[in-house]
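# Below is the sequence, then the predicted model.
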Amino acid sequence: MIATATRTGFTRFRRLRRKEPLRALVRETTLDPGDFIYPIFVQPGRGQETPISAMPGQCQYSVDRLPALAERVAAAGVPAVLLFGIPEHKDELGSEAWAEHGIVQQAVRELKRAVPDLLVVTDICLCEYTSHGHCGVLAGDQVENDPTLDLLARTAVSHVEAGADLVAPSDMMDGRVQAIRQALDLAGYQHVPVMAYAAKFASAFYGPFREAAGSTPQFGDRRGYQMDPGNGREALREIAADIEEGADIVMVKPALPYLDVLARAREEFRHPLAAYHVSGEYAMLKAAVANGWLDERRATLETLTSIRRAGADVIITYCALEAAAWLR
Ligand code: PBG
């Protein structure tokens with residue numbers, strides 16, 4: 001036994017850490033599945049559920065498989081899904097993106113029919129639909145900004161016509177939120193909100209997604225339109241511009257490598273803020289877990305908590321269903 005004289009004159013932080021109920025009482029940040037959005041990849045065909053190798057646990061689903069998945073999402077208490085489409089055919093302009101019977105349009109109709117209360121968010125971008133894999137119209141090897149805006153706006157309107165509750169432009173063309181807002185308003189969809197991928201960085205962490213969505217650029221990269229990873233102040237300008245153009249929810253993407261941007265955005269803006277915990281962040285967790293290097297449940301919940309603590313109201317994550325089950 002060590003002789004102990006009781007000491008004074010310092011703060012005993014540990015008083016509130018002695019028992020779980022005490023810790024829970026003073027916990028500043030908690031997770032709620034009601035703040036999660038679950039991304040889903042939709043592919044052509046029937047009876048298809050193709051695993052994505054770099055994203056263990058995630059699949060590309062054919063439309064007929066969506067109702068069962070949607071039931072699981074709703075039962076988990078997750079209120080929304082985010083759809084990405086893998087079209088039958090790609091072309092220079094990405095015309096299946098706005099086709100009335102395009103893959104996402106079919107998926108939206110099927111989901112709204114099967115589970116009407118589940119929110120359906122659609123990603124608005126051309127990269128899954130263009131033969132070259134870039135997010136806009138090409139002139140030579142350059143991605144043209146303004147000619148792309150009309151195509152994005154048409155895509156958004158067609159998703160909403162199919163029943164989408166919320167549209168989420170991810171292409172990073174300038175002025176697309178304005179173009180989409182105007183097109184929706186003109187078509188009589190003033191009530192449909194826009195969630196803008198406002199500060200979307202040119203990130204290595206989208207690698208697994210591009211395998212899943214078949215959207216790897218055939219030449220070059222996306223640094224001519226997505227943000228440079230070094231730019232925090234510019235991220236705030238991007239967010240301010242999207243708010244000015246009419247975005248209802250603004251997003252920072254990826255999440256973990258950009259928690260500082262998220263925290264600064266939280267300080268600066270009053271709009272609802274979303275963070276996208278992207279495919280590469282998911283892959284890192286899964287890889288470490290598969291090797292027995294991390295405890296999956298604790299590492300996942302800690303990661304999601306950090307995103308909330310940094311300031312996100314909404315988290316888009318491939319971990320949504322597992323996390324929701326752990327939070328029960
Ligand atoms: C489409 C898009 C991408 C992601 C969401 N929308 C890929 C990209 O920009 O290359 C990435 C999502 C993820 O990695 O989970 N432009």
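That came through fine.

# And what about Pro21, helix, strand or coil?
helix (DSSP: H, G, I helix; E, B strand; the rest coil).

# Read off the pLDDT value for it.
pLDDT, the model's per-residue confidence, is 98 for Pro21.

# Could you do Ala3 as well?
pLDDT at Ala3 comes out at 73.

# How many neighbouring residues does it have?
Ala3 has 4 neighbouring residues, counting by other CB atoms under 10 Å. Glycine gets a C-beta too; all of them are placed from N, C-alpha and C.

# Can you report how many residues lie near Gln218?
9.

# which residues sit in contact with it?
131-133 (CB atoms under 8 Å, 6 or more residues apart in numbering).

# next one: Leu25
Under the criterion of CB under 8 Å, 6+ apart, the neighbours of Leu25 are Leu16.

# rewinding a little: most neighbours among the contacts of Gln218, which one is it?
Gly133 (21 neighbours).

# how about the nearest residue to that residue, chain neighbours excluded?
Pro217 (4.2 Å; CB to CB, 6 or more residues apart in numbering).

# Make sure the one you found is indeed in a strand.
No. Applying three-state DSSP, one finds Pro217 to be coil, outside a strand.

# Quick check: it vs Ala240, distance?
28 Å (CB to CB, to the nearest Å).

# Quick one: name the residues of this protein near the ligand.
Proximity of the chain to the ligand is confined to 123, 125, 127, 135, 170-171, 206, 209-210, 215, 222, 278-279 under the rule CB under 6 Å from any ligand atom.

# Next up, the contacts around Arg46.
If a contact means CB under 8 Å, 6+ apart, then Arg46 has 62, 64 as its contacts.

# Closest one of the contacts of Gln218 to Gly34?
Checking those against Gly34 with CB to CB, the nearest one is Gly133 at 35.0 Å.

# The residue of the stretch 1-150 of the chain found nearest the ligand: neighbouring residues, count only.
The nearest approach of the stretch 1-150 of the chain to the ligand comes at Cys125, 3.9 Å away (CB to the nearest ligand atom). When counting by other CB under 10 Å, one arrives at 28 neighbours for Cys125.

# just Lys112 next, same as before
If you count neighbours by other CB under 10 Å, Lys112 ends up with 18.

# Give the residue farthest from the middle of this structure.
Ala3 (56.2 Å; CA atoms, centre = their mean).

# longest strand anywhere in the protein?
strand 36-43 (DSSP state E).

# Beyond it, next helix or strand please.
Tracing the chain C-terminally past strand 36-43 and defining elements by DSSP states H and E, one meets strand 49-51 next.

# residues in contact with that following strand?
Counting by CB under 8 Å, 6+ apart, residues outside strand 49-51 touching it are 43, 58-62, 65.

# Drop anything exposed from those.
When neighbours are counted using 16 or more other CB atoms under 10 Å, the contacts of strand 49-51 contain these buried positions: 43, 58-62, 65.

# Is Ile124 bridged to anything, and to what?
Using DSSP bridges, the bridge partners assigned to Ile124 are Pro169.
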